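1. below are the sequence and a predicted model for it; my questions follow.
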Amino acid sequence: EQPSAPAPISAPLRELPWGQLNFLHTTDTHGWHGGHLQEPQYSADWGDYISFAKHLHKRADEDGSDLLLIDTGDRVEGNGLYDASNPKGKYTFDIFKHQNIDVITSGNHELYLSNSSNNEYYNTVPNFKQSYIASNLDIQNPKTGELEPLAPRYRKFTTKNQGIRIISFGFLFNFHGNANNTVVQPVQETVKEQWFQDAIRIKDVDLFLVAGHVPVRNSEEYDLIYKAIRNARWDTPIVFFGGHTHIRDYRKWEKAAQGIESGRYMETLGFLSMSGLNSEKKGLVVPEKSGLSYQRLYIDNNLHSLHHHSGTNATTFSTDVGKNVSQAIYQARNNLNLDHAFGCAPTDYWLSRAPYPSDQSLLSWLEKSVLPDTFSGGKTPSIVITNTGAMRFDIFKGPFTIDSTFLVSPFTSGFRKAVNVPYKAASQVLQLLNNEGPILLEDLLALKEQGLDTMGTHRLDDLAPPLPPVNLATLIDQSPTKHALFRSEQQSPIEGPGVVSDKPNIPGYTTVDDMGSDGDDTIHERIKFYDVPNCVGASVNFDPADKTGAPEKIDLVYNEFVQDWVLLALRFLGVKYEKEDTRSALDGKTMTDVISDWVGEHWKCEN
Ligand SMILES: Nc1ccn([C@@H]2O[C@H](COP(=O)(O)O)[C@@H](O)[C@H]2O)c(=O)n1
């Protein structure tokens, strides 16, 4: 735990369902290896995770079971510890490498920029030489320019104590937004490749382990892999580890094929156990189960939970390596001056924990205050649009630091503008991007398919942030056209079999998955999450309500990440702008700069 981290509050806990083969799973950590310094519930750091894993390894060695660690990518972008250094990631690779991870894969965030995928090539792959897997990912060798697999396509290994023979794969979903130094092969092609077809037919395999930056639910990619393995091996157990959608989730394909997704931002250490697997070695002390079984627990990443599940206490918990890593994180945070405050937030602003629009909504704050104040300088009537996915985390009342700017918006995309756009068209772009009004997403997609867009790297709903880290069934939908699955606000919190009756006192995740509603280790009081639009926008230097005084032409300013969609929408509205017709806005400043400048000017700290 970092010295400034708030101490966890004790809460009723569910027990770790230890088995024959046990897994700890991290995903979408996005640089939060220092833990959450404003939220006691998630305040343990990467050093604590190292200590925790060490205790569980000891337990496995003592009772003859096994423990494997998995990480499924998006380790970068989203926290000052990674983003504030120059070059980015200067400290994180050396911090991360001290955990003994058995299977590790790449996420999409490792690939948006060529320097971050080159970092995988130069740092993370060599640091995890025995465990990095890249089943459908190639990279241009930075020295020769030749395309090569980022890491081995699959691995075969045998567990230490039980002698369970495992074939493991490492996938990335069919991602298109990568820089041009990497190639992500669509999963439907990978599963047809000879190496994959041979691997799933290797004899004497007790378990297929599919790790990937791929959601476990509604996932064409994982369904394809499941079917491909089942076509070759009708009954060999399969375990999936997923990621990308930032949720806690558990999916049962069938009795012998199940998988976990373990949240985001170092909030969750996913635990999955299996029993009843073929084993070469005897000596298992844990009780035998009849047949194969899987169990799961989503551990809140704080010391109260970690002590409890490892049978330790404040005196016995930290290992030497764990302590050193926590110290290295502390040192890096100091070097980067991450606690330096630009100003102090007067209240909390929520990305998806308050309805949009509302006074507590981060997106309302962005469109009502930050964007108009930032872009009003030139006096030109403008509409400013950003995707809401450019915003990644909430703002808490109190000091808004260098770290906070990267938590809220870490990306390097700048702003661009199309000048002198007819107002009639420009004023409809936001509505189109939000799939509201008479023209729907399908119409735009049809145009894209006719080749009318130039690049088309992102899907329209990728413009919004990942859904809040809850099962879709618990998300409160504000746009009925979008997600028919969501519950309405009137419905009561999820309850069901397996919910323990202790009164929850800590707000947090109340996960409902294919195993039921008893997956969170901490019995939480339910938090409400709200759906958000794809994009928000501000009218600057004119009043959109004043119908008679509407400008004829305006500048359309937008976050560079949404450029394809903005130009496509304009074309759909009868106005043709090519990328070359647009220009850089705000001297290349990013959203990170915009927010830190605005906070410095408007949110003074009262001493
Ligand atoms: N330059 C960028 C890069 C990404 N985004 C947003 O992040 C989303 C992807 O994040 P995941 O954690 O879900 O992988 C992407 O869809 C964008 O919404 C961005 O705004 N700018």
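-> On my side now, so go ahead.

2. alpha carbons only for contacts and neighbour counts from here, please
-> Noted.

3. care to break this protein down by domain?
-> 21-335, 341-463+534-602 (automatic domain parsing).

4. ends of the shortest one, how far apart?
-> By Cα to Cα, to the nearest Å, the extent of domain 341-463+534-602 from end to end equals 13 Å.

5. next: the first one.
-> Its start and end residues considered, domain 21-335 measures 40 Å (Cα to Cα).

6. give me the number of residues near the residue of the stretch 201-350 of the chain found nearest the ligand?
-> Nearest to the ligand, among the residues of the stretch 201-350 of the chain, is residue 244, at 5.5 Å (Cα to the nearest ligand atom). Applying other Cα atoms under 10 Å, we find 25 other residues in the vicinity of residue 244.

7. same question, residue 274
-> Other residues close to residue 274 by other Cα under 10 Å number 21.

8. quick check, it in contact with residue 296.
-> No: the pair residue 274 / residue 296 is not scored as a contact, 9.0 Å apart, by Cα atoms under 8 Å.

9. tell me which parts of this structure are close to the ligand?
-> The chain has residues 108, 244, 389-390, 411-413, 462-466, 561 near the ligand, with proximity defined as Cα under 6 Å from any ligand atom.

10. what do you get if the cut-off is 8 Å, keeping everything else the same?
-> 28, 30, 74, 107-109, 112, 244-246, 387-392, 411-413, 458-459, 461-466, 560-562 (Cα under 8 Å from any ligand atom).

11. now a PyMOL select for only the buried ones of those residues.
-> Command for PyMOL that selects the buried part of the residues of the chain next to the ligand, burial taken from 16 or more other Cα atoms under 10 Å:
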select buried, resi 28+30+74+107+108+109+112+244+245+246+387+388+389+390+391+392+411+412+413+458+461+463+464+465+560+561+562
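
12. now do the contacts for the closest residue to residue 85 other than its chain neighbours.
-> Leaving out its chain neighbours, the residue that sits closest to residue 85 by Cα to Cα, 6 or more residues apart in numbering is residue 336, at 6.6 Å. Listed by Cα atoms under 8 Å, 6 or more residues apart in numbering, the contact set of residue 336 reads 80-81, 84-85.

13. which of those residues has the most neighbours?
-> residue 81 (31 neighbours).

14. ok so, going back, could you look up the SS state of the residue of the stretch 201-350 of the chain closest to the ligand?
-> Assigned with DSSP: H, G, I helix; E, B strand; the rest coil, residue 244 falls in the coil class.

15. my read: it touches residue 216, true?
-> No: assessed by Cα under 8 Å, residue 244 is found out of contact with residue 216, at 9.3 Å.

16. part of a helix, is residue 537?
-> No: judged by three-state DSSP, residue 537 forms no part of a helix; its state is strand.

17. that one: what's its closest spatial neighbour, skipping adjacent residues?
-> Nearest non-adjacent residue to residue 537 (Cα to Cα, 6+ apart): residue 385, at 4.2 Å.

18. now name the helix or strand holding residue 318.
-> Assigned by DSSP states H and E, residue 318 belongs to no helix or strand.

19. show me where the protein dips below the pLDDT cut-off.
-> Within the chain, the segments meeting pLDDT under 70 span 282-290, 437-458, 467-504.

20. longest helix in it, please.
-> helix 46-63 (DSSP state H).

21. may I see the buried residues of that one?
-> Applying 16+ other Cα under 10 Å to helix 46-63 flags 46-57, 59-60 as buried.
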